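Novice: Sequence and predicted structure, then a few things I'm wondering about:
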Amino acid sequence: MTDAPLFGTVTLIGIGLIGSSIARALRQVPLAGRVIAADRSEAVIARVRERGFADEATTDMAAAVKDADLVIACVPVGAMGAVAEIIGPHLKPGCIVSDVGSTKGSIVAQMAPHMPPGVHLIPAHPVAGTEHSGPDSGFPELFHGRWCILTPVPDTDPVAIETLSAFWQGLGSKVEVMAPDHHDLVLAITSHVPHLIAYNIVGTASDLEKVTESEVIKFSAGGFRDFTRIAASDPTMWRDVFLHNKEAVLEVLGRFTEDLIALQRNIRWGQGDQLFDLFTRTRAIRRSIIDQRQDTADPDFGRNRK
Ligand SMILES: NC(=O)c1ccc[n+]([C@@H]2O[C@H](COP(=O)([O-])OP(=O)(O)OC[C@H]3O[C@@H](n4cnc5c(N)ncnc54)[C@H](O)[C@@H]3O)[C@@H](O)[C@H]2O)c1
Ligand SMILES: O=C(O)C(=O)C[C@]1(C(=O)O)C=C[C@@H](O)C=C1
């Protein structure tokens with residue numbers, strides 16, 4: 001006799017990088033009895049059918065959620081409210097509704113008003129991704145060894161939180177629970193502002209290109225290439241992230257700008273000791289991250305992230 005899967009029906013809404021990675025993973029681990037894929041794009045749904053990622057695929061989001069025990073919205077952050085409004089009236093009592101958005105405070109604000117009584121809304125963020133998007137870019141190991149942060153609001157049923165944690169652990173993630181605002185501040189420094197810096201430096205280089213007769217891109221070295229990978233990330237997704245995590249991003253950018261000006265002064269006045277001290281500190285941070293990931297035997301270290 002085999003154990004029953006954790007959920008009967010799982011509905012994924014938005015089958016791009018993250019949605020298709022979850023769908024692919026659900027083909028390998030017995031967490032869902034049935035997987036339904038929904039997306040507003042006919043082309044995406046046609047692709048899901050072709051590749052066989054799900055048991056059913058549809059553009060009808062209301063129909064897709066009516067039997068669901070778990071619904072995960074995998075759409076851009078700015079589309080979460082519209083999705084919640086469509087699916088809200090069709091959710092069955094006891095259903096867990098979650099998401100994978102890169103911001104969390106805004107998800108609660110957008111989705112909670114549309115949740116009927118008896119439905120458990122538990123926002124989540126798998127901290128795993130690439131610069132690619134769309135249903136062909138996903139892969140089932142994306143979440144292996146990566147954190148998934150759950151940000152339940154106060155009074156959420158602890159059993160529902162446990163069940164969603166078990167789901168993400170089943171996909172290979174490590175799970176942590178934190179408040180939505182805290183998540184947004186932490187991710188502003190570790191993910192959102194770094195992306196903004198990458199977009200900015202690549203934009204500056206492309207403007208400079210006009211005065212250097214194409215030499216900037218031609219002679220671009222490793223460091224700049226790493227920035228171009230990040231700056232190739234999806235424009236819709238990242239526009240939404242910055243519009244929906246405005247406060248925390250502006251807070252971190254303020255600190256970043258002050259520190260950058262201090263570095264500018266160090267260079268102007270030849271303060272090599274200050275530069276050397278900072279670079280020594282940052283090298284130690286990089287080494288401790290690598291040591292930590294080797295300690296936890298992260299199987300994907302160095303594969304998805306350079
Ligand atoms: N890309 C990453 O590295 C990454 C990592 C972690 C979390 N996230 C978050 O995951 C979410 C999805 O990102 P992705 O990279 O998978 O995006 P993606 O662009 O690859 O896929 C998004 C899918 O959502 C669909 N969609 C858009 N608006 C919709 C709507 N209103 N209704 C139904 N479907 C809609 C699109 O057709 C598309 O298929 C975002 O909220 C993002 O912040 C992304
Ligand atoms: O590896 C990358 O390309 C990513 O940018 C992934 C990354 C990140 O910043 O770590 C980007 C946004 C997500 O919300 C989570 C993960």
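Specialist: Thanks, I have the structure now. Ligands and ions are numbered 1, 2, ... in the order given.

Novice: Give me the contact list for stretch 19-33.
Specialist: Surrounding stretch 19-33, the residues in contact under the criterion C-beta atoms under 8 Å, 6 or more residues apart in numbering are 2-10, 12-13, 15, 35, 37, 39, 48, 53-54, 70, 72, 74, 100, 135-143, 167, 170-172. Backbone N, C-alpha and C define where each C-beta goes, glycine included.

Novice: Keep only those of the residues you listed that are in helices.
Specialist: Counting by DSSP state H, the members of these that fall within helices are V48, F167, G170.

Novice: so which of the contacts of stretch 19-33 also contact ligand 1?
Specialist: I13, I15, D39, C74, V100 (C-beta under 6 Å from any ligand atom).

Novice: What subset of the contacts of stretch 19-33 is buried?
Specialist: Taking 16 or more other C-beta atoms under 10 Å as the criterion, what is buried in the contacts of stretch 19-33 is 5-7, 9-10, 12-13, 15, 35, 37, 39, 48, 53-54, 70, 72, 74, 100, 135, 137-143, 167, 170-172.

Novice: quick one: the spatially most central residue of the chain from P126, how far?
Specialist: By C-alpha atoms, centre = their mean, the chain has its centre lying nearest to S102, at 4.4 Å. S102 sits at a distance of 10 Å from P126 (criterion: C-beta to C-beta, to the nearest Å).

Novice: for the stretch 1-150 of the chain, what spans make up the strands?
Specialist: 7-13, 32-38, 56-58, 70-73, 96-99, 120-121, 124-126, 147-150 (DSSP state E, counting those that start in this stretch).

Novice: Mind listing residues that contact the fifth one?
Specialist: What it means is strand 96-99. Contact with strand 96-99 is made by 69-74, 80, 84, 87, 91, 107, 111, 115, 119-124, 160, 163-164, as judged by C-beta under 8 Å, 6+ apart.

Novice: Now for the residue of the stretch 101-250 of the chain found nearest ligand 1, how many residues are close by?
Specialist: Closest contact between the stretch 101-250 of the chain and ligand 1, by C-beta to the nearest ligand atom, is at G129 (1.8 Å). The burial count assigned to G129 is 22, neighbours taken as other C-beta atoms under 10 Å.

Novice: Check the nearest residue to it once chain neighbours are set aside and give its pLDDT.
Specialist: Closest residue to G129 in three dimensions, ignoring its sequence neighbours and counting by C-beta to C-beta, 6 or more residues apart in numbering: L17, at 6.4 Å. The predicted local distance difference test score for L17 is 98.

Novice: and what of the one 4 residues further on?
Specialist: The per-residue pLDDT reported for S21 equals 98.

Novice: what's the spacing between the closest residue to L6 other than its chain neighbours and G272?
Specialist: With C-beta to C-beta, 6+ apart as the criterion, L6 has its nearest non-adjacent residue at 4.8 Å, and that residue is L31. In this structure, L31 and G272 are separated by 55 Å, where distance is defined by C-beta to C-beta.

Novice: Same check on T257?
Specialist: Noted for T257: a distance of 23 Å to G272, by C-beta to C-beta.

Novice: and what of G145?
Specialist: Between G145 and G272 the distance is 39 Å, computed by C-beta to C-beta.

Novice: So for the two, which sits in the more crowded spot?
Specialist: Counting neighbours by other C-beta under 10 Å for G145 and for G272 shows that G145 has the greater number, 16 against 10.

Novice: give me phi/psi at the more buried one?
Specialist: phi 70, psi 10 (degrees, to the nearest 10).

Novice: Surely it is in contact with V127?
Specialist: No - contact criterion C-beta atoms under 8 Å: G145 and V127 do not qualify, at 10.9 Å.

Novice: Could you pull up the residues touching T9?
Specialist: Contacts here follow C-beta under 8 Å, 6+ apart; on that basis T9 touches A32, G33, R34, V35, I36, D67, A68, D69, L70.
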